[in-house]
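Peer 1: what follows is a predicted structure for the sequence shown.
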Amino acid sequence: MTSLPDLTYIAAEQKSAEVTDWAARVGWLVGLALFVALIYWLMREGWKWRGTLQGDLPELPVAPDEPGAARLAVLSMSGRYHGSTTAGQWLDRIVAHGLGTRSRVELTLTDAGLDVVRPGAADFFVPLEALREARLDKGIAGKVLTEGGLLVVTWAHGERLLDSGFRSDTAAEHNQWVETLNQMINKTTETEGAR
């Protein structure tokens, strides 16, 4: 009777040694890190270039000392500011003067206009005579929601018409804001037309 060879010994002999090419791995990681840094730098330069192109926009108006009485039963709307674009061109983001910075927002509608308070970003005020339209929409530069999920306010700033997008923490408030804003705009337009 012939004896069988020791199988554990044969299995151990057939195992190949681990090969690790650390230089190649480190090279790939460094290359990937440099590629990500390059992409980030190009995006940052593009943002700055867009701001330079929009340098003709005047400084943002600030709220008056006496803005008047609040126009809605709910004195203010808390939510998110999603950015501003050229009116009618929902992908042409405006970045000058911090208008491209997304942030939390507190909106207050008064007799004088729309006060936009943004913690961590530049606040601004839209005077009543600069307001043009309010509507519900589904998207603005980089943010797409369900139909009617975004309150978009069109207003004049310098020589441009801008659309600014807001989303309330309580989306049911949007309709009331659209109705009240459009009533104020129509009333202002009728008053100016009667002069």
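Peer 2: Yep, that arrived.
Peer 1: helix or strand with the lowest mean pLDDT in this protein?
Peer 2: helix 7-14 (a mean of 56; mean pLDDT, DSSP states H and E).
Peer 1: next SSE downstream of that helix?
Peer 2: Downstream of helix 7-14, the first helix or strand assigned by DSSP states H and E is helix 22-53.
Peer 1: which residues touch the helix or strand just after that next one?
Peer 2: Proceeding C-terminally, helix 22-53 gives way to strand 76-86 as the next helix or strand, assigned by DSSP H and E. With contact meaning CB atoms under 8 Å, 6 or more residues apart in numbering, strand 76-86 is reached by 70, 91-94, 99-108, 116, 118, 121, 140-143, 150, 160-169, 173, 177. C-beta: built from backbone N, CA, C; applies to glycine.
Peer 1: so among the residues you listed, which ones count as buried?
Peer 2: By neighbour count, with 16 or more other CB atoms under 10 Å, the contacts of strand 76-86 hold 93-94, 99-100, 103, 105-108, 116, 118, 121, 140-141, 143, 150, 161-168, 173, 177 as buried.
Peer 1: so which of those sit within strands?
Peer 2: The strands, defined by DSSP state E, take in 93-94, 103, 105-108, 116, 140, 143, 150, 161-168 from these.
Peer 1: which pLDDT value belongs to the residue nearest the centre of the chain?
Peer 2: By CA atoms, centre = their mean, the chain has its centre lying nearest to His82, at 3.3 Å. His82 is assigned 91 on the pLDDT scale.
Peer 1: what do you get for the one 4 residues further on?
Peer 2: We have a pLDDT of 89 for Thr86.
Peer 1: helix, strand or coil for Leu136?
Peer 2: strand (DSSP: H, G, I helix; E, B strand; the rest coil).
Peer 1: what count of nearby residues applies to it?
Peer 2: 16 (other CB atoms under 10 Å).
Peer 1: nice, that's everything, thank you.
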